[in-house]
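Q: Attaching a predicted model along with its sequence, questions to come.
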Amino acid sequence: MSDNYKGYRDPALRVLKDNHVQVWSDVELVTKQGGFKGIILPRSETADARHIVMKLRNGYNIGIAVDTVETIKEFSRKEAHYKIPEKDFPYDPKKPKVKLLGTGGTIASRLDYRTGAVIPAFSPGELYGSVPELADYCNLETQKLYGVFSENMGPEQWIGTAQAIGEEIRKGIHGIVIGHGTDVMHHTSAILSFMVQNSPVPIVMVGSQRSSDRPSSDAALNLIHAVNTAAKSDIAEVMVCMFGPTSDQYGLLHRGTRVRKMHSSYRSTFRTISDIPLAMVDRDKITPLRHDYKHRRNDRDVTINTAFEEKVSIVYYYPNMQPDIIDSLIDNGYRGIVIAGTGLGHVNKPVYPALQRARDKGIAVYMTVQTLWGYVQMYVYETGREMMQLGVVPAANLLPEVAYVKLCWALGQTDDLDKVKEIMLTPIAGEITEREPYNGYLIYQGGIPEVEEFLRGIKR
């Protein structure tokens, strides 16, 4: 079949037309590798024209190369419906009021089994139609702030979200949930921890690793856990709420300044680094794992400080890094640089002249460690001491991304580098810890007997 379609600009469309099927057709498609049953889906604007996209009966989407297609048989054709039937969200005067702020991505959605389409849900009625359990915890209100992919979040959205949080707190909301894409959620949770201080209510960030059209989606359960936390938790901090283990047993509440996305696709991707999570959460209860958190209050006092300097960069050191990397930031007017250095916080000597030039230009340079776990210790080796003489400031155990957003925030408030240093090294929201607990660094190595024995006891 491939030879027949090489000359066409859109061979996938030609294959469909020649087989008398269309988008949304329910078909059996036979290829050289075997047969597939499912629904023909529209392809994205960025997809190539040599693949047909199908939603299989098990809910997963696949792309099938047109040059492998032998026959397509249509069973029926579905009509796409992009509206979730709404149900009035039940109001209960005895339940707390929770506000869901949307920044982008699908907070919850429903698979339309007639069409294979994933329908996003956002209004209270839509959410209740998709996840009716939410009404067990609260009276839900929603507001769409932005509609951007996670990677497009930046100072405009961070500032706007912080201001919206302040407004909701002052109006008397009992808890706040922020729907967010997972890729840079840890950046947003960190900057909101600095921009929103002294909150009297929980601020819970939530997303999903797998979309709701997949059988293993975590979207609904993450949302249930987040709403439960916002409605009932005593923890009045910025938190990330996502799956704990890979199973559906419980979620974890991570402090916004000590959390990081650690796997590209696992549902349990978010981990607290160099510490332990704040709490476990399931449908029925919230179980604190520590007690040094800020507690819920009845007042409406909150401090919103949205200062932000955009001319800050983060540089990941690698062997043989050239000084022009730092020089280019200096020449382009950057005011702050965070370095993720090797070991205890090191870079090579060829970079030294650029670091000295940065110091002479009044640029704030902070050192973190690319190991993620552990502290910068620049007094141990000669390299570290030399860099401190060049103006590089060790940033304790700030995670590199947290150091980056905090330096943006600090430089947004002052040009005085001594004051910037005071802000950077003074803990505000648990971003710097006095010590790391013994159980704050756990990376299991599969294959060895003791770990395999442990895994057999917890594997679901």
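A: Perfect, I can see it now.

Q: can you give me the helices for the stretch 51-200 of the chain?
A: Assigned by DSSP state H, counting those that start in this stretch, the helices in the stretch 51-200 of the chain fall at 124-130, 155-171, 185-195.

Q: Output the longest one as CSV, restricted to C-alpha atoms.
A: As requested, C-alpha coordinates have been extracted for helix 155-171 and formatted as CSV (Å, rounded to 0.1, in the frame of the first residue of the first chain):
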residue,chain,number,x,y,z
PRO,A,155,6.2,35.3,36.1
GLU,A,156,2.9,36.6,34.6
GLN,A,157,1.0,33.5,35.7
TRP,A,158,2.8,33.2,39.0
ILE,A,159,2.1,36.8,39.9
GLY,A,160,-1.5,36.5,38.8
THR,A,161,-2.0,33.3,40.7
ALA,A,162,-0.5,34.7,43.9
GLN,A,163,-2.8,37.8,43.7
ALA,A,164,-5.9,35.6,43.1
ILE,A,165,-5.0,33.5,46.1
GLY,A,166,-4.8,36.7,48.2
GLU,A,167,-8.2,37.8,47.0
GLU,A,168,-9.8,34.5,47.8
ILE,A,169,-8.3,34.3,51.3
ARG,A,170,-9.5,37.8,52.1
LYS,A,171,-13.0,36.9,50.9
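
Q: what distance separates it from the centre of its chain?
A: Relative to the centre of its chain, helix 155-171 is centred 18 Å away, using C-alpha atoms, centre = their mean, to the nearest Å.

Q: which of the residues in it are buried?
A: P155, Q157, W158, I159, T161, A162, A164, I165, G166, E168, I169 (16 or more other C-beta atoms under 10 Å). C-beta here means a position set from N, CA and C on the backbone, and glycine is covered the same way.

Q: How about residues contacting that helix?
A: Applying C-beta atoms under 8 Å, 6 or more residues apart in numbering, the contact partners of helix 155-171 are 99, 101, 103, 143, 145-146, 148, 176, 178, 188, 191-192, 195-196, 199-201, 203, 300, 302, 304, 306, 308, 310, 408.

Q: Kindly recompute the last result at 6 Å.
A: 99, 101, 145-146, 176, 191-192, 195-196, 300, 302, 304, 306, 308, 310 (C-beta atoms under 6 Å, 6 or more residues apart in numbering).

Q: what angle separates it from helix 185-195?
A: 50 degrees (axes from the mean of the first three to the mean of the last three C-alpha atoms, to 10 degrees).

Q: Find the residue ranges of the stretch 101-250 of the chain scoring beneath the pLDDT cut-off.
A: 105-121, 211-215 (pLDDT under 70).

Q: need the strands for it, in chain order.
A: Listed in chain order, the strands of the stretch 101-250 of the chain (DSSP state E, counting those that start in this stretch) span 108-112, 117-121, 139-144, 175-179, 196-197, 203-206, 238-243.

Q: If you count contacts, what does the last one end up packed against?
A: The elements that strand 238-243 packs onto, with contact taken as 3 or more C-beta pairs under 6 Å, 6 or more residues apart in numbering; DSSP states H and E, are helix 185-195, strand 203-206, helix 219-232, strand 251-255.

Q: Can you give the contact residues for the longest one?
A: Think helix 219-232. 96, 98, 108, 131, 133-134, 137-138, 175, 177, 202, 204, 206, 208, 212, 241-242, 248, 251, 281.

Q: report the angle between the axes of that helix and strand 139-144?
A: Using the same axes, to 10 degrees: helix 219-232 against strand 139-144 is 120 degrees.

Q: Export only the CA atoms of helix 219-232, formatted as CSV.
A: C-alpha atoms of helix 219-232 as CSV (Å, rounded to 0.1, in the frame of the first residue of the first chain):
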residue,chain,number,x,y,z
ALA,A,219,-6.5,12.7,37.7
ALA,A,220,-9.8,12.0,39.6
LEU,A,221,-8.1,10.6,42.7
ASN,A,222,-5.5,13.4,42.9
LEU,A,223,-8.3,15.9,42.7
ILE,A,224,-10.3,14.1,45.4
HIS,A,225,-7.2,14.1,47.7
ALA,A,226,-6.5,17.8,47.0
VAL,A,227,-10.0,18.9,47.7
ASN,A,228,-10.1,16.8,50.9
THR,A,229,-6.9,18.5,52.0
ALA,A,230,-8.1,22.0,51.1
ALA,A,231,-11.4,21.4,53.0
LYS,A,232,-10.2,19.6,56.1
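
Q: Pull the distance from it to the chain's centre.
A: For helix 219-232, the distance to the chain centre is 16 Å (C-alpha atoms, centre = their mean).

Q: What mean pLDDT does stretch 352-369 get?
A: Stretch 352-369 carries an average pLDDT of 98.

Q: Surely F75 and D26 touch.
A: Yes: in this structure F75 lies within contact range of D26 using C-beta atoms under 6 Å: 4.7 Å.

Q: what about V393, distance to E401?
A: 17 Å (C-beta to C-beta, to the nearest Å).

Q: Comparing the two, which shows the higher neighbour count?
A: E401 (23 against 20; other C-beta atoms under 10 Å).

Q: residue contacts, the more buried one?
A: H187.

Q: So it lies in a helix, does it not?
A: Yes: judged by DSSP: H, G, I helix; E, B strand; the rest coil, E401 forms part of a helix.

Q: Could you shift the numbering so residue one becomes 167, and keep it that way?
A: Noted, 167 is the first residue going forward, which turns the last one into E567.

Q: do you know how far it is from G596?
A: Taking C-beta to C-beta, one finds E567 at 15 Å from G596.

Q: can you check M220 too?
A: Taking C-beta to C-beta, one finds M220 at 47 Å from G596.

Q: And M371, by the same measure?
A: 15 Å.

Q: Check the contacts of helix 385-398 for burial and list the buried ones.
A: 264, 274, 297, 300, 303-304, 341, 343, 368, 370, 372, 374, 378, 407-408, 417, 447.

Q: what domains does the record give for this structure?
A: 168-243, 263-470, 478-591 (automatic domain parsing).

Q: and V193, how many neighbours?
A: 23.

Q: which SSE is it in?
A: Using DSSP states H and E, V193 sits within strand 191-197.

Q: In its sheet, which strands sit next to that strand, and in what direction?
A: strand 200-207 (antiparallel), strand 235-243 (antiparallel) (DSSP bridges).

Q: V504 bridge partners, please.
A: I480, Y532.

Q: Distance check, it against K221.
A: 43 Å.

Q: same deal with P516?
A: Counting by C-beta to C-beta - P516 and K221 are separated by 53 Å.

Q: For these two, indicate the residue with more neighbours.
A: When neighbours are counted by other C-beta under 10 Å, P516 and K221 differ, and K221 comes out ahead with 22 against 11.

Q: Would you agree the more buried one is in contact with G204?
A: Yes: using C-beta under 6 Å, K221 is in contact with G204, at 5.1 Å.

Q: what's downstream of the one helix or strand E552 maps to, the next helix or strand?
A: Per DSSP H and E: E552 is located in helix 548-555. Using DSSP H and E, the next helix or strand after helix 548-555 towards the C-terminus is strand 558-560.

Q: what comes into contact with that next one?
A: Residues contacting strand 558-560 (C-beta under 6 Å, 6+ apart): G511, V531, Y532, M533, V542, M544, K587.

Q: Apply 7 Å and report the result again.
A: Residues outside strand 558-560 that contact it (C-beta atoms under 7 Å, 6 or more residues apart in numbering) are G511, L521, V531, Y532, M533, V542, M544, K587.
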